[in-house]
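requesting a structural model of the entry that follows:
(one chain, ligands or ions: 2)
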Amino acid sequence: MNVWSKKMPDVIVVGAGFAGTVVARELAEAGKHVLVVEKRNHIAGNMYDTVNEDGILIHQYGPHIFHTNNEEVAQYLDKFGKWKPYQHRVKGMIKGTEVPIPFNFYSMENLFSAQQCKILQTYLQQYFGNKHRVSILELMNCEEKVVKTLGHYIYANVFDGYTTKQWGVSNVKNIDHSVLERVPVVLGYDNRYFNDRIQQMPVDGYTALFENMLNHENIECLLRTDMDSIIKFEYDGTILLQGEVFHGIFVYTGMPDKLLQNCYGALPYRSLDLQFETIEKDSFQSVAVMNYPTSEVFTRITEFKKLTGQQKTGVTTILREYPEAFEDKPGQEAYYPIENEENHALYEKYETTLTSCWSNLYLCGRLAEYKYYNMDAVVERALALSKEILEKEVK
Ligand code: FAD
Ligand code: UDP
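Ligands and ions are numbered 1, 2, ... in the order given. Next comes the predicted model:
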């Protein structure tokens, strides 16, 4: 890793996260010579995991759990490493009580009397029948008064404070509904955070998986290199690599506004101040992730040993996530696109200009496409893009 022969590549990929790495691997397999340019000092993008000085395997950019219903994506990733089943369980600290999240019938029993639960469950069943998962908005907008009141109660205790902290908004109207719909209300006794058919963690960690993906004779990977230091975009439609015209395929997985010096204004993102702490204890909390919807400045605490299954006594490392506006300060990362109509319109301006000016440029990934992609969706998109690029070449 981190060598470049200085040979002109067929393909340049900016970013060694899932988007860039999958495209690099697919095009390399098709015989293309690929140069991956990554500004960080490591591969794996936000999936990067590493053992800290206390011997605990941590996820440097926040907790990452692989879950999908896309068997093709899971099978693709099986080629690069072993996976172990993992069911993610989250609790929320609500009024001093640990309550399972997504809110479900167990959560209800933690907060209401047995009689109240019986009444609520009867109403829910009458209204929603056999539906197992509903969105908080469906509950809040329900015509049935008891269900609506329950919806408002859950919103106030699970969603309101967390969403305000995470997105810096004071009103649910300012946030795209798809964000809230990521975490449903479960009408039953299912405590799992996700209900996808495949839920797993890489046995040797994500970074090892990425090493295997990038380990190909046709891939060269340049770390600690911001693309700006070796690549220039000219407004006549050419791309220069170290001063020489690059005629190949250019796949970009970073922030699109940066490529055009924020000419239409900066695309808004949310960032996180990630605070790690190692504690001299076997265990810190009852689950891998504890959410704090109604108290604290941070949104959640992750305890890594419970996420990765690492067995180590005497110490445990936790992570508190403090959401903040992305201001492009040194060391700050753009983690979340803020999806709403206004920001989508701004994104489209960048996308249109970029793809019409530079015909060999492709945008892929959470930042580059301004989409709140999960890992599986990014892999799916990167596989589809690779196919599209190769098919275009044949024509
Ligand atoms: P990234 O992983 O961000 O990769 C982009 C890469 O491009 C980075 O390495 C960056 O350094 C590099 N880059 C950018 N600009 C330049 C430049 N100018 N020059 C060189 N390099 C550049 N998804 C799940 O499925 N499950 C989860 O549990 C989950 N948890 C998450 C938790 C958090 C806190 C966050 C923020 C996201 C989570 N995700 C999760 C989403 C997941 O992280 C994304 O789907 C994934 O990171 C997208 O991959 P990517 O390649 O698009 O982006
Ligand atoms: N959310 C919430 N309370 C919770 C968990 C999630 O309000 O206890 C909302 C919040 O708006 C959050 C969104 O649901 O941003 C999506 O949550 P998810 O866990 O998918 O976020 P991620 O893991 O992507 O940070």
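
who touches Asp273 in this structure?
Neighbour list for Asp273: Glu321, Tyr322, Pro323, Glu324 [criterion: Cβ atoms under 8 Å, 6 or more residues apart in numbering]. C-beta here means a position set from N, CA and C on the backbone, and glycine is covered the same way.

for the residue of the stretch 101-250 of the chain found nearest ligand 1, what are its contacts?
Shortest the stretch 101-250 of the chain-to-ligand 1 distance, computed as Cβ to the nearest ligand atom: residue-wise this is Met227, at 3.8 Å. Residues in contact with Met227 (Cβ under 8 Å, 6+ apart) are Val14, Val37, Lys39, Tyr252, Gly254.

hmm, back to that, buried subset of the contacts of Asp273, written for ChimeraX?
This is how ChimeraX selects the buried members of the contacts of Asp273, with burial counted by 16 or more other Cβ atoms under 10 Å:
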select :321,323
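
can you narrow the contacts of Asp273 to ones near ligand 1?
Filtering the contacts of Asp273 for neighbours of ligand 1 using Cβ under 6 Å from any ligand atom leaves an empty set.

the contacts of Asp273 in strands, which ones?
In this view, these that belong to strands under DSSP state E are Glu321, Tyr322, Pro323, Glu324.

can I get the residues you listed in a markdown table including pLDDT?
Supplementary listing: the ones in strands among the contacts of Asp273 in a markdown table, determined by pLDDT from 0 to 100:
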| residue | pLDDT |
| --- | --- |
| Glu321 | 98 |
| Tyr322 | 98 |
| Pro323 | 98 |
| Glu324 | 97 |
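
on the three-state scheme, the residue nearest to Glu234 when sequence neighbours are not counted is what?
With sequence-adjacent residues excluded and distances taken as Cβ to Cβ, 6 or more residues apart in numbering, Glu234 is closest to Leu240, at 6.5 Å. Of the three states, Leu240 takes strand under DSSP: H, G, I helix; E, B strand; the rest coil.

quick one, what contacts Leu240?
Contacts for Leu240 (Cβ under 8 Å, 6+ apart) come out as Ile231, Lys232, Phe233, Glu234, Phe246.

surely Leu120 is in contact with Met108?
Yes - taking contacts as Cβ atoms under 8 Å, Leu120 lies within contact range of Met108: 6.3 Å.

Thr97 pairs with what?
Note on Thr97: beta-bridge partners Ile94, judged by DSSP bridges.

use 30 as the first number for this chain going forward.
That works, and once the first residue is 30, the last one we named lands at Thr126.

that one: neighbour count?
Burial of Thr126 is recorded as 11 neighbouring residues (other Cβ atoms under 10 Å).

now do it against ligand 2, distance only.
With the distance defined as Cβ to the nearest ligand atom, to the nearest Å, Thr126 ends up 14 Å from ligand 2.

helices or strands next to the helix or strand of the chain with the lowest mean pLDDT in the packing?
Comparing every helix and strand of the chain by mean pLDDT, DSSP states H and E singles out helix 206-210 as the least confident one, with a mean of 91. Contacts of helix 206-210 with other secondary structure elements, assessed using 3 or more Cβ pairs under 8 Å, 6 or more residues apart in numbering; DSSP states H and E, are made with helix 165-169, helix 190-196.
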